[in-house]
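*Asks:* Prediction below, plus the sequence it came from.
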Amino acid sequence: MPLGPLALALVLAQSPCPREGDGGDRLLNVQKNRTEAPAALETLDVPALLALPRRYEVPRWRDRWPRSFAAQVASEERRGVALEGYLLAAKQSGPESCNCHARDRRDFHIWIGARPATDYLDAKLARADAVIVEMTPSVRDLHPGWRLRLLERLAHDRAKVRVEGLLMYDPEHPGELGKTRGTLWEVHPVTGFSVWSGGRWVPL
């Protein structure tokens, strides 16, 4: 559900960086820095998200996109999804323009696969067909339990997870397709995260 006034005030207080960031693709940064949780969720698995419409030859910058593609992406980016899959790996991203290059406020970059990895090497190779989801600093301010070490442990344990959030198309990484990601579509930002345990979803 949408953030209440007090929660939103907390987010803004913790985030002096404007939503458009401090450079780069400012239209993309605005999408990355959304904080509102979707009002409704559509449950998807990894293959369904990988099958979303794609057009990789479009320009890198959003303000240069053809109107038809921009409209198509805008429609998809209003969708709230609950992605179910297996946590393959997690890391902290480097400083980015969306976070005003702050060293202490960086995204958590998480790979979700269609199946559990058998070992570290398998998890690394499985990223080629994985979906990227990102926990942003502004949303993590509302979820103190979202810690990188815990995510890394869950990846080691091959945990089944449910990732809630908004779809986002990230045109910055076409060179990573088939190597460290299966699509340019992401769940970004993540607004809810649960682990399958004891026959039920347990929020992180």
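*Replies:* All right, it came through fine.

*Asks:* Could you double-check that Pro47 sits in contact with Arg115?
*Replies:* No - using C-beta atoms under 8 Å, Pro47 is not in contact with Arg115; the gap is 10.6 Å. (C-beta placed from N, C-alpha, C; glycine too.)

*Asks:* burial count for Gly113?
*Replies:* With neighbours defined by other C-beta atoms under 10 Å, the count for Gly113 comes to 22.

*Asks:* right, and Pro189 touches Val163 too?
*Replies:* No - contact between Pro189 and Val163 fails when scored by C-beta under 8 Å: they sit 10.4 Å apart.

*Asks:* So for stretch 45-62, first residue to last residue, what's the gap.
*Replies:* Length of stretch 45-62, first residue to last, C-alpha to C-alpha, to the nearest Å: 27 Å.

*Asks:* Let me see the mean pLDDT of it.
*Replies:* For stretch 45-62, mean pLDDT rounds to 85.

*Asks:* Check stretch 153-169 too.
*Replies:* Here stretch 153-169 scores 96 as its mean pLDDT.

*Asks:* Any buried residues in it, and which?
*Replies:* Residues 154-155, 158-169 are the ones in stretch 153-169 that count as buried (16 or more other C-beta atoms under 10 Å).

*Asks:* among those, which two are most distant?
*Replies:* Arg158 and Tyr169 (28.5 Å; C-beta to C-beta).

*Asks:* Bridge partners for Ser194, pull those for me.
*Replies:* On the basis of DSSP bridges, Ser194 is bridged to Arg162, Pro203.

*Asks:* pretty sure it contacts Leu154?
*Replies:* No - if you go by C-beta under 8 Å, Ser194 and Leu154 don't touch, sitting 11.0 Å apart.

*Asks:* overlap in contacts of those two?
*Replies:* Jointly contacting Ser194 and Leu154 under the rule C-beta atoms under 8 Å, 6 or more residues apart in numbering are Val161.

*Asks:* For Ala48, which residues are in contact?
*Replies:* Applying C-beta under 8 Å, 6+ apart, no residues contact Ala48.

*Asks:* a helix runs through it, doesn't it?
*Replies:* Yes - looking at Ala48 with DSSP: H, G, I helix; E, B strand; the rest coil, it is inside a helix.

*Asks:* Tell me how far the closest residue to Trp196 other than its chain neighbours lies from Leu87.
*Replies:* Leaving aside its sequence neighbours, Trp196 sits nearest to Lys160 (C-beta to C-beta, 6 or more residues apart in numbering; 4.0 Å). Lys160 sits 8 Å away from Leu87, taking C-beta to C-beta, to the nearest Å as the criterion.

*Asks:* Show me the strands in the chain, by range?
*Replies:* Here the chain has its strands, by DSSP state E, at 42-45, 80-92, 108-113, 131-135, 160-169, 185-197, 200-203.
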